[in-house]
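1. Pasting the sequence and the predicted model now:
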Amino acid sequence: MRVVRSPEELALAPRAAAIGTFDGVHLGHRQVLETVCSLSLTSTVVTFDPHPRTVLGHPVELLTTLQRRLELLEELGFDEVVVVPFDLEFAKTPPEAFAERYLTAVGVEVVVAGEGFRFGHRRAGDLELLESLGLDVRPIPQLEGISSSAIRELVEVGELERAARMLGRPPEVEGTVVGGDARGETLGFPTANIRPEPELLVPARGIYAGAALGHRAAISIGVNPHYGGDEQRIEAFLLDYEGDLYGRRLVVELWRRLRDERAFEDDAALVAQIARDVEETRAAEPPV
């Protein structure tokens with residue numbers, strides 16, 4: 001899949017396109033995206049980074065980083081993605097000018113979009129405008145109740161199974177493995193201390209079962225109250241994994257919330273509980 005930052009990098013060719021931020025690439029998005037990929041034209045996504053709402057003063061905690069979004073789009077089979085740098089100046093672009101530069105000028109013939117799709121300055125553009133410009137517009141009915149906002153609300157409170165049914169896959173946390181205090185190794189459960197990407201939503205504090213790098217993982221999200229911590233951390237113990245993860249990007253699936261985090265009477269009680277968490281993780285199944 002080719003990724004460009006400007007439509008001028010693309011040669012003129014017959015294309016089918018989807019336009020949007022597509023945070024999470026959830027099942028509602030996939031109805032649109034899979035339709036584009038099913039057509040016998042070059043399949044193209046026009047997407048935005050950073051999230052337009054954040055630029056316009058309404059910060060959004062994202063479900064996916066741009067890198068992860070691109071990976072998910074590639075898995076769907078897209079030929080190319082145009083990543084549009086979104087800033088306040090770009091937000092002033094009239095819809096007609098946007099359609100000319102990003103669609104008709106590169107040969108887009110078909111646009112697939114949700115029925116309520118809007119674009120351009122003050123969201124003044126709609127599907128009727130695209131049709132008036134000679135484009136073949138394929139409206140897709142929206143899946144009731146499924147949206148990135150609804151999924152964020154569920155992940156934020158730890159309702160992973162419901163979020164997964166909307167995403168079509170388990171929710172994830174993503175970040176770089178950094179050095180920690182090595183307590184997990186001392187206790188017999190060495191963990192990867194994950195520094196999440198700053199724009200991402202971090203789920204509710206607690207202990208989770210999930211997976212990373214093809215291994216089941218017991219994951220702690222919180223401040224480690226047993227040791228009097230006050231800094232939020234994400235730590236993952238990858239079952240049956242051997243190797244050095246420092247400096248590596250890690251995408252961790254969250255399957256099920258096992259329990260709240262809490263302090264224990266001593267380290268022996270903590271180790272016993274972690275062992276139970278690990279056994280629950282071995283028995284857990286992905287939510288979709």
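-> Looks like it came in fine. Numbering: from 1, shown residues only.
2. what's downstream of the lowest-mean-pLDDT helix or strand in the chain, the next helix or strand?
-> Lowest on mean pLDDT, DSSP states H and E among the helices and strands of the chain sits helix 183-187, with a mean of 68. Remark: after helix 183-187, the chain's next helix or strand is strand 192-196, criterion DSSP states H and E.
3. Return the distance of that following strand from the chain's centre.
-> Chain-centre distance of strand 192-196: 17 Å, with CA atoms, centre = their mean, to the nearest Å.
4. residues of that strand that come out buried?
-> A192, N193, I194, P196 (16 or more other CB atoms under 10 Å). Quick note: C-beta positions are derived from backbone N, CA and C, even for glycine.
5. show me what contacts the last one?
-> Think P196. Counting by CB atoms under 8 Å, 6 or more residues apart in numbering, P196 makes contact with V173, E174, G175, V202, I234.
6. and the fourth one, that's in a strand?
-> Meaning V202. No - counting by DSSP: H, G, I helix; E, B strand; the rest coil, V202 falls outside a strand, being coil.
7. any low-confidence regions in the stretch 151-288 of the chain?
-> Residue ranges of the stretch 151-288 of the chain with pLDDT under 70: 181-186, 226-230.
8. From the contact counts, what lies against the helix ranked longest in the chain?
-> Determined from DSSP state H, the single longest helix within the chain is helix 267-283. Using 3 or more CB pairs under 8 Å, 6 or more residues apart in numbering; DSSP states H and E as the contact test, the elements touching helix 267-283 are helix 183-187, strand 206-212, strand 215-222, strand 249-259.
9. run the last query once more with 10 Å
-> Packing partners of helix 267-283 (3 or more CB pairs under 10 Å, 6 or more residues apart in numbering; DSSP states H and E): helix 183-187, strand 206-212, strand 215-222, strand 233-238, strand 249-259.
10. Domains in the chain, by residue range?
-> 2-146, 149-283 (automatic domain parsing).
11. Next, the contact list for D23, please.
-> Residues near D23 by CB atoms under 10 Å, 6 or more residues apart in numbering: 29, 47-48, 51, 53, 60-66, 69, 147-149, 151-152, 201.
12. rerun at 6 Å
-> L62, L63, S148 (CB atoms under 6 Å, 6 or more residues apart in numbering).
13. Kindly reformat the residues you listed as TSV containing neighbour count, pLDDT and secondary structure.
-> As requested, the contacts of D23 are exported to TSV (neighbours: other CB atoms under 10 Å; pLDDT from 0 to 100; DSSP: H, G, I helix; E, B strand; the rest coil):
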residue	neighbour count	pLDDT	secondary structure
L62	23	97	strand
L63	23	97	coil
S148	23	97	helix
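14. Nearest to A16, out of those: which one, please.
-> Using CB to CB, S148 comes nearest to A16 of these, at 22.9 Å.
15. pretty sure V46 belongs to a helix, no?
-> No - with three-state DSSP as the criterion, V46 is strand rather than part of a helix.
16. List the buried residues for the longest helix of the chain?
-> L270, Q273, I274, D277, V278, T281.
17. what's next to that helix, contact-wise?
-> For helix 267-283, contacts defined as CB under 6 Å, 6+ apart pick out L187, F189, I207, A209, R216, A218, H226, L258, F264.
18. Quick check: PyMOL command selecting the buried ones in those residues.
-> To isolate the buried members of the contacts of helix 267-283 in PyMOL, using 16+ other CB under 10 Å:
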select buried, resi 187+189+207+209+216+218+226+258
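19. Which single one of the contacts of helix 267-283 is nearest to T42?
-> For the contacts of helix 267-283, the nearest to T42 is R216 (39.4 Å; CB to CB).
20. Identify the bridge partners of that closest one.
-> For R216, the beta-bridge partners are A211 (DSSP bridges).
21. got JSON lines for the contacts of helix 267-283, with distance to P141 too?
-> Listed next are the contacts of helix 267-283 as JSON lines, based on distance: CB to CB, whole Å:
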{"residue": "L187", "distance to P141": "52"}
{"residue": "F189", "distance to P141": "47"}
{"residue": "I207", "distance to P141": "39"}
{"residue": "A209", "distance to P141": "35"}
{"residue": "R216", "distance to P141": "37"}
{"residue": "A218", "distance to P141": "40"}
{"residue": "H226", "distance to P141": "50"}
{"residue": "L258", "distance to P141": "37"}
{"residue": "F264", "distance to P141": "51"}
